[in-house]
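A.B. asks: structure of the sequence below:
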Amino acid sequence: MAKILAMKYILIDKIKNFEAGKEITATKSVSLAEEYLGDHFPTFPVLPGVLLLQGMVETASWLVRASEDFAHSMVILEEAKNVNYKSFADPGTTIEYHAKVKKMDEDSSTFMAEGKCGDKLIVKARFSLRHFNLADKDPGKAKIDSQVVENLKKRWQLLCKQ
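C.D. replies: Got it, this is the predicted structure:
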């Protein structure tokens, strides 16, 4: 049986607001206990910029999944444009990510997103996502798609708890 790999880092702690097909707001609390902060940078720990972008992508991915009733097991970054880093997110801060749909089709979507710490904008970007199932190219992977979707539905429930 194939092993289902999960992302090592989950960069969203909570879904605060969700409007199907339109927009979503999620939060991430940055903790000094996160292992990547030990290396980035040891005397000035901050959330790496690529993880700020990934937080926006994860936020938008949840919007796609929930809006499409979890029709696809895979929602991945296809292209990022105009990524603009304005400031740092250090331990003890909470990032609020907001993603707004520009276009959403069955197999792709485009977003404008930003991350803020309080009222301070720290990152913004435009990006597109691709949505698909593994079974689209290999029908033998339909069971894996089903398992991934079930796990994502469970995580969605946890993220939406108040």
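A.B. asks: hey, let's count contacts and neighbours off CA atoms from now on
C.D. replies: OK.
A.B. asks: what stretches of this protein score poorly on pLDDT?
C.D. replies: Under the criterion of pLDDT under 70, the regions of the chain flagged as low confidence span 1-8, 162.
A.B. asks: all helices for it, in order.
C.D. replies: Secondary structure of the chain (DSSP state H): helices located at 49-67, 142-160.
A.B. asks: make TSV out of these and add distance to Met104 and mean neighbour count.
C.D. replies: Written out in TSV, the entries for the helices of the chain read as follows (distance: least, Cα to Cα, whole Å; neighbours: other Cα atoms under 10 Å):
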stretch	distance to Met104	mean neighbour count
helix 49-67	8	22
helix 142-160	20	15
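A.B. asks: and those: which comes nearest Ser29?
C.D. replies: With respect to Ser29, and counting by Cα to Cα, the nearest of these is helix 49-67 at 11.1 Å.
A.B. asks: helices or strands up against the closest one?
C.D. replies: Contacts defined by 3 or more Cα pairs under 8 Å, 6 or more residues apart in numbering; DSSP states H and E place helix 49-67 against strand 23-29, strand 74-85, strand 94-104, strand 108-117, strand 120-132.
A.B. asks: same thing but at 7 Å, please
C.D. replies: Counting contacts by 3 or more Cα pairs under 7 Å, 6 or more residues apart in numbering; DSSP states H and E, helix 49-67 packs against strand 23-29, strand 94-104.
A.B. asks: what sits against Cys160?
C.D. replies: By Cα atoms under 7 Å, 6 or more residues apart in numbering, the contact list for Cys160 reads Lys14, Ile15.
A.B. asks: still on that earlier bit, of all the helices of the chain, which one is nearest Lys116?
C.D. replies: The nearest among the helices of the chain, by Cα to Cα, is helix 49-67 at 10.2 Å.
A.B. asks: possible to save the helices and strands packed on helix 49-67 as JSON lines with distance to Asn82?
C.D. replies: JSON lines is the format used below for the helices and strands packed on helix 49-67 (distance: least, Cα to Cα, whole Å):
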{"stretch": "strand 23-29", "distance to Asn82": "19"}
{"stretch": "strand 94-104", "distance to Asn82": "15"}
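A.B. asks: as CSV, these with mean neighbour count and distance to Leu121 would be great.
C.D. replies: What follows is the helices and strands packed on helix 49-67, written out as CSV (neighbours: other Cα atoms under 10 Å; distance: least, Cα to Cα, whole Å):
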stretch, mean neighbour count, distance to Leu121
strand 23-29, 22, 14
strand 94-104, 21, 9
